[in-house]
Each structure stands twice: as structure tokens, then as C-alpha cells.
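Chemist: what shape does this take:
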Amino acid sequence: MSQFFYIHPDNPQPRLIHQAVEILKKGGVIVYPTDSGYALGCALGEKSAMDRIVAIRKLPENHNFTLVCSDLSELSNYALVNNSAYRLMKNNLPNPYTFILPATKEVPRRLLTKRKTIGIRVPDNAIALALISALGEPILSCSLMLPNEEITQSDPDEIRDYLEHQVDLIIHGGYLGVTPTTVIDLTEESPKIIRFGSGDPTPFQ
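Modeler: Below you'll find the model as predicted:
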């Protein structure tokens, strides 16, 4: 049976954030809010927790996970960012975008694509940012879409009905949108939009 925390969406309670981070550090899987619906997350080094997320979502073996970071400086520890990509991200973060970038050696090999890239994002959500800050590293994440669905889960009470026996913590941070992030590939000279989602694609077109 998972724990269920009500955390204030604008002023997250430090005590509950600390408890959530302790669950992550012990290898737990959590459901937490972002600016594009709810996400499943675990600590970066916890392969068994990642495998649980794969099982919950029935993901293929080569699914690309995302590192959810607190800001651009943390992001640059895990991705190689050239000047033009940096300017684009600086002008448009935090927001519901996932950026595909070349990975640094800080990224575990099991997370790399064949091109040695990684998905990175900085969400505009106070709870997510508080969790990352308290954890001291990015949260390894993917959108909470149930098998055979195309939208992200937005209602934490419904998520509880589905997943209370499969995850360690569900954070209720309000009722959110259902559209996943806009995904932008920044590995080439010009940005390439891979998926149109909740982030405005205009700055990258």
C-alpha cells in the first residue's frame, strides 16, 4: 500500500518533501506532479526502481527516460549543451519541454539511446522543483500514462485507485493537465520538434 501525501502546489511543506525524498533514496517509486500532468519517478541510481516503472507502464526495453532537473546549471552536468542550445533553453525554461541532448559521462549507460543522448527537462512546478532540490540530483522520470493511453494522468485520486499497490508514494499536488511535454531534439544545428505537446513549439520552429 502506497503512502499518499497532500502537498501544497505553491508552498510545498518541507517536512513532506523530506519524507518523499527519503522514499526515493531508499529505492522507492513515486508519483509526483509536473507542469504536464503526473509523472512516475525514482532516484537516478536505482535500476530496480526503474524496472518497476517499466513494468507499471508496460514500456518497451528501449524506452527513453527523462532526467528532470532543477535548473540549467544542474542540467549541464548531465547533457552537453552548445551555445545556441543554451540560449534557447535559457529563454524558455522552466516550461513543459523535454530536450534531447548528447549525454555526459554522469548519465548511467543503461539510460543512453543508441545515439548516446538523454532527455532532459526543467518543469514549472513548485513540488517537482522542491523534490529535486532536496534530493540533490535529477529525478529519473517518465510521464504517467497508463498502458494503451495517450494522455498523462491528471487526477491523483484516480491514480491512487490504479496504482496504490504498485508505487511507494503518490503525491497529491492538485488536478493537472493531460498533455505530455513537447519534445525537442537539440543535437543538431537546428532544433527539431519530435513531439508536439503542452509546451509552445513556436520558439523552436
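Chemist: mind listing what's buried along stretch 181-200?
Modeler: 181-187, 191, 197-199 (16 or more other Cβ atoms under 10 Å). Where you see a C-beta, it was placed from the backbone N, CA and C, and this is true even at glycine.
Chemist: now for the residues you listed, which pair is the farthest apart?
Modeler: T187 and S198 (22.1 Å; Cβ to Cβ).
Chemist: phi, psi for the closest residue to P156 other than its chain neighbours please.
Modeler: Spatial nearest neighbour of P156, excluding adjacent residues (Cβ to Cβ, 6 or more residues apart in numbering): H172 at 4.1 Å. When quoted as degrees, to the nearest 10, the phi and psi of H172 stand at phi -90, psi 110.
Chemist: what about E189, which SS state?
Modeler: Following DSSP: H, G, I helix; E, B strand; the rest coil, we place E189 in the coil state.
Chemist: how about the strands in the chain?
Modeler: In the chain, strands defined by DSSP state E lie at 3-6, 30-34, 37-43, 66-68, 97-102, 117-121, 139-143, 169-172, 182-185, 192-195, listed in chain order.
Chemist: what does the last one rub up against?
Modeler: Taking contacts as Cβ atoms under 8 Å, 6 or more residues apart in numbering, the residues outside strand 192-195 that touch it are 100, 180-185, 201, 204-205.
Chemist: if we use 10 Å, what do you get?
Modeler: With Cβ atoms under 10 Å, 6 or more residues apart in numbering as the test, strand 192-195 has contacts from 97-100, 119, 180-186, 199, 201, 204-205.
Chemist: mean confidence for that strand?
Modeler: In this model, strand 192-195 carries a mean pLDDT of 95.
Chemist: residues near the closest residue to I56 other than its chain neighbours, how many?
Modeler: Excluding the flanking residues, the one nearest I56 by Cβ to Cβ, 6+ apart is Q166, at 5.4 Å. Here the count is done by other Cβ atoms under 10 Å, and Q166 has 14 residues near it.
Chemist: then D124?
Modeler: Count around D124 with other Cβ under 10 Å applied: 15.
Chemist: residues near K114, how many?
Modeler: Using other Cβ under 10 Å, K114 is surrounded by 6 other residues.
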